[in-house]
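**Student:** have a look at this fold, sequence not included:
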């Protein structure tokens, strides 16, 4: 069966997306949970350990606190409270930390540092799975054992105001609640006022035991303008006043002889230097934890806060309220909370925590008895029993007190080791699903590689032996064998397997696909092995497969990048690899330009003189906007073109160097100041405004040349709307507007731009459909493609932050110059051009300020033009903005390869190369993360990169489908 290269590549890439999805489902594990279906009960608590004939005490410890108020400030970094600016930002809180009856800690949150997984961690004490990043958008009901359920079961009356994620996780648990959406990041005022407006009435009442307040404004400010924004201090002072009000009310209600209150100030996660979160940098994982209660000793000065795990708050609150610890908690009781209690009570609390951790250890590890922490806990428990026997007998010597303190240290060490062991076992991988997905990914990659000579041939078609493979005996034998393996694995698996839970129809499809691919691969390999030497088709009908220096660089660079993904440091600093490859590419292209225009001229002036007319092609539509300007400036003739071709790689290098300074990314140097920070500071707003205006003007100049007059007008008005929107939200200033003017959401101005975007896309789609259905006009098709591209450019300009508009401007400039003076004049083929587009797209992904950390995903763009959170457009806009670089370069590639003076098979070659370029790193990376699944940095470094690679593959599959449509149009228009 013969299929076109683009159809073949698109089919392989779509199947690869499905295979990667199956791999992801197996790789991102279900967090460690107890297998007991019931939840913890007070009656299940163990008795005190005791050796001797006297009965030991099974008494449940009395609660430490009567009321608990939890003030959770979203994205509260520890340096906002404990840092040098703490006295300025939160003076009252800082005074309590230094002089009040408090205990202060730095609570470390585990990645992913996004809200929903952190709330799960705070309430269950477990470490949520990384896939909860995705679930963060739509939080389901939390069914596992948790602190909120335990409190409700014990009759505690709970009130909640704030992020509605709590309401979704714990429906019908609060006697009173008012939820606010956490995703509409443009609002940082009303979202907090909706919480505070309930405070006065609630604090006066006595009909509640637990009050939870979750403030979102600080997080929204971080997403909008970062941690150094002028909005940060007023917001933190507002939070400080709220804490002061709550503390004062609790003091007034304190009565003699009653149990004390507990006021908790904490954050769910921190905030990176760019204002986002989700990664594992120190600013994202370190949050303040301040416990305020009259039960604690008054401090005499500022002390360096010790570090605890965020999940340690769960057992501390549970035992403090007289509740059992959640079954799946891996947290440790914070011992300083009871340091003023009797030694017997302290040991009792630690024993209860140790018993719960040891039960979870038994349930999650087959060889739990060999675990160091379990052995230490048993020894501490035995020593505790011996000590308790002496206490019951009335021994009160100082030696006995010292023994008790030694037992306490034994418990603390056992808790630390058991908690660490359980944290490492944070999930059980579904290896069967991972292996099935990995095998399919590799089969598809091998299929793409074996088809390379045919896919890049002059016919641009692949001959797949589908019929012979599917009708052969080995195919049916393989199906039976794989079905037998599937049955064996699913019946003998100790844990749940996703692939085993699929319907038989889906399983049969996967088995038949894998068997068919294997038979096709064997048939193609045998066919190629049987061909006589020298009969393999040459690329694009040329004279063989000889590699130029540029080909060697492109192949070696792509392979080298794939190999670099095996090191965590290279994943963190991947942008450095792409910057290096792009700089090297520019130098090699510069060498090719010199060889073409200068070395050949020196060798044979006559030949060059004869070929001048060939080299000096009439300005193509691909570069009309550049060529027309050169003509107006009087820059014409072969010599001028040569010098412009020579300057293009150097100008590209200069642009890349400038863009590198605009956004610091990665991990090692992300904290260093960059041009973006400088431009976004309030004192440089005028400079940013001028730069944004110049960038938008140049964007119009670079894009409008190939558009219809209607699209030109729409583009101009749309770009004016972009500037107006940025002025409305306070990023830039208008000439008649004071820099301190009131900010707004700019919703209407953004919608104004959306109207023009839709108009341009409609015009382009209309021309494209006319060229496909009514008339086979290549010029009309080329214009339609360019107008669609122009609409995408306008949308990206709206979504980009003001300081990133030069990135878009440089992207368009480099595209125009390379198309006009390099790719066309040096006669690079479709494969070379596609690889270069791919490299540029990857580099511009990082020029935007992206990295392989989830923290650099700018979710604020998902709300441009929206009054409230709407999931579908928010996800679409966020994904588009994040992958704007690769998308723009891939879209430009379609326009370039589909231009009327290109080869008829260029689009098919480009689609195939793009699919192969995506398949190679994805296939290598799924093997890598499988091998490194127990690596120290698997969740902080490798897992986020896996999500980025998967999303990029999905995007590339969509682009390849568009390639296929364009090639179909071309083939149908042939005479």
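**Tutor:** Right, received. Where do you want to start? This structure is a prediction, so every number in the text was calculated from the model and none was measured. Residues are numbered from 1 along each chain as shown.
**Student:** where does residue 625 land on pLDDT?
**Tutor:** Residue 625 is assigned 48 on the pLDDT scale.
**Student:** got it, and residue 666?
**Tutor:** 82.
**Student:** how many neighbours does residue 254 have?
**Tutor:** For residue 254, the count of nearby residues is 13 (other Cβ atoms under 10 Å). Quick note: C-beta positions are derived from backbone N, CA and C, even for glycine.
**Student:** scratch that, residue 890
**Tutor:** If you count neighbours by other Cβ under 10 Å, residue 890 ends up with 23.
**Student:** got it, and residue 41?
**Tutor:** Neighbourhood size, residue 41 [other Cβ under 10 Å]: 10.
**Student:** now do residue 190
**Tutor:** 12.
**Student:** next one: residue 111
**Tutor:** 26.
**Student:** tell me the secondary structure for the residue lying closest to it once chain neighbours are set aside?
**Tutor:** By the measure of Cβ to Cβ, 6 or more residues apart in numbering, the closest residue to residue 111 outside its immediate chain neighbours is residue 280, 4.3 Å from it. Here residue 280 is recorded as coil under DSSP: H, G, I helix; E, B strand; the rest coil.
**Student:** let me know the pLDDT of residue 280.
**Tutor:** Note on residue 280: pLDDT of 76.
**Student:** likewise for residue 389?
**Tutor:** Predicted confidence (pLDDT) for residue 389: 86.
**Student:** ok, now residue 426?
**Tutor:** For residue 426, the model assigns a pLDDT of 59.
**Student:** one step back: can you report phi and psi for the residue nearest to residue 111?
**Tutor:** phi -130, psi 20 (degrees, to the nearest 10).
**Student:** how many neighbouring residues does it have?
**Tutor:** Residues near residue 280, counting by other Cβ under 10 Å, number 21.
**Student:** check residue 692 too.
**Tutor:** 26.
**Student:** show me what contacts it?
**Tutor:** If you count contacts by Cβ atoms under 8 Å, 6 or more residues apart in numbering, residue 692 has them with 723, 726, 731-732, 802-803, 805.
**Student:** which of the helices or strands spans it?
**Tutor:** Counting by DSSP states H and E, the element that carries residue 692 is helix 685-703.
**Student:** picking up where we left off before, closest to residue 206 among the contacts of residue 692?
**Tutor:** Comparing those against residue 206 with Cβ to Cβ places residue 731 closest, at 47.9 Å.
**Student:** for the closest one, helix, strand, or coil?
**Tutor:** Applying three-state DSSP: residue 731 is coil.
**Student:** need the contact list for the nearest residue to it once chain neighbours are set aside.
**Tutor:** In space, and not counting its chain neighbours, residue 731 is closest to residue 802: 4.1 Å by Cβ to Cβ, 6+ apart. Residues in contact with residue 802 (Cβ under 8 Å, 6+ apart) are 679-680, 688-689, 692, 726, 731-732.
**Student:** tell me the buried residues in stretch 464-472?
**Tutor:** Using 16 or more other Cβ atoms under 10 Å as the test for burial, stretch 464-472 gives 464-465, 469, 472.
**Student:** ugh, typo on my part, it should be stretch 386-402
**Tutor:** Using 16+ other Cβ under 10 Å as the test for burial, stretch 386-402 gives 387-392.
**Student:** swap in stretch 265-281?
**Tutor:** Residues of stretch 265-281 classed as buried: 265-281 (neighbour count, 16+ other Cβ under 10 Å).
**Student:** so of the residues you listed, which ones are in strands?
**Tutor:** Counting by DSSP state E, the part of those found in strands is 265-266.
**Student:** let me see the ranges of the strands in the stretch 351-500 of the chain.
**Tutor:** Remark: strands assigned in the stretch 351-500 of the chain by DSSP state E, counting those that start in this stretch are 427-428, 461-463.
**Student:** can you map out the helices along the stretch 801-950 of the chain?
**Tutor:** Assigned by DSSP state H, counting those that start in this stretch, the helices in the stretch 801-950 of the chain fall at 805-818, 830-847, 871-882, 884-897, 906-931, 943-972.
**Student:** helices and strands around the third one, which ones?
**Tutor:** The reference is to helix 871-882. When contacts are defined as 3 or more Cβ pairs under 8 Å, 6 or more residues apart in numbering; DSSP states H and E, helix 871-882 sits against helix 778-799.
**Student:** for the helix it packs on, packing partners?
**Tutor:** Secondary-structure packing of helix 778-799 (3+ Cβ pairs under 8 Å, 6+ apart): helix 685-703, helix 709-728, helix 747-769, helix 805-818, helix 871-882, helix 884-897.
**Student:** closest one to residue 788 among those?
**Tutor:** The closest of those to residue 788 is helix 747-769. By Cβ to Cβ, the value is 3.8 Å.
**Student:** measure how far the closest one is from the centre of its chain, please.
**Tutor:** Offset of helix 747-769 from its chain centre (Cα atoms, centre = their mean, to the nearest Å): 29 Å.
**Student:** not counting sequence-adjacent ones, nearest residue to residue 732?
**Tutor:** Spatially, and ignoring its direct neighbours in sequence, residue 732 is nearest to residue 689 (4.0 Å; Cβ to Cβ, 6+ apart).
**Student:** the one you found touches residue 696, doesn't it?
**Tutor:** No: look at residue 689 against residue 696 with Cβ atoms under 8 Å: they stay out of range, at 10.8 Å.
**Student:** now do stretch 441-449, average pLDDT.
**Tutor:** Mean pLDDT, stretch 441-449: 95.
**Student:** still on that earlier bit, could you dump the contacts of residue 692 to TSV with pLDDT and distance to residue 22?
**Tutor:** TSV is the format used below for those (pLDDT from 0 to 100; distance: Cβ to Cβ, whole Å):
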residue	pLDDT	distance to residue 22
723	94	46
726	91	42
731	86	42
732	88	46
802	92	41
803	93	40
805	95	40
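**Student:** mind giving me the ChimeraX command for buried ones among the residues you listed?
**Tutor:** Only the buried entries of the contacts of residue 692 go into this ChimeraX selection, using 16+ other Cβ under 10 Å:
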select :723,726,731,732,802,803,805
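**Student:** what residue lies at the spatial centre of the protein?
**Tutor:** The C-alpha lying nearest the average C-alpha coordinate of the chain belongs to residue 854 (Cα atoms, centre = their mean; 3.0 Å).
**Student:** who's in contact with the residue nearest to it when sequence neighbours are not counted?
**Tutor:** In this structure, residue 854 finds its nearest non-sequential neighbour in residue 278, 3.1 Å apart by Cβ to Cβ, 6+ apart. Applying Cβ under 8 Å, 6+ apart to residue 278 gives the contacts 111-114, 133, 284, 853-855, 857, 944.
**Student:** tell me, how many neighbours does residue 258 end up with?
**Tutor:** For residue 258, the number of neighbouring residues by other Cβ under 10 Å comes to 10.
**Student:** measure residue 338 to residue 316 for me?
**Tutor:** According to Cβ to Cβ, to the nearest Å, residue 338 and residue 316 sit 9 Å apart.
**Student:** and the nearest residue to residue 698 once chain neighbours are set aside, what does it touch?
**Tutor:** Take residue 698 and drop its neighbours on the chain: the residue closest to it by Cβ to Cβ, 6+ apart is residue 809, 5.0 Å away. With contact set as Cβ under 8 Å, 6+ apart, residue 809 has these partners: 695, 698-699, 702.
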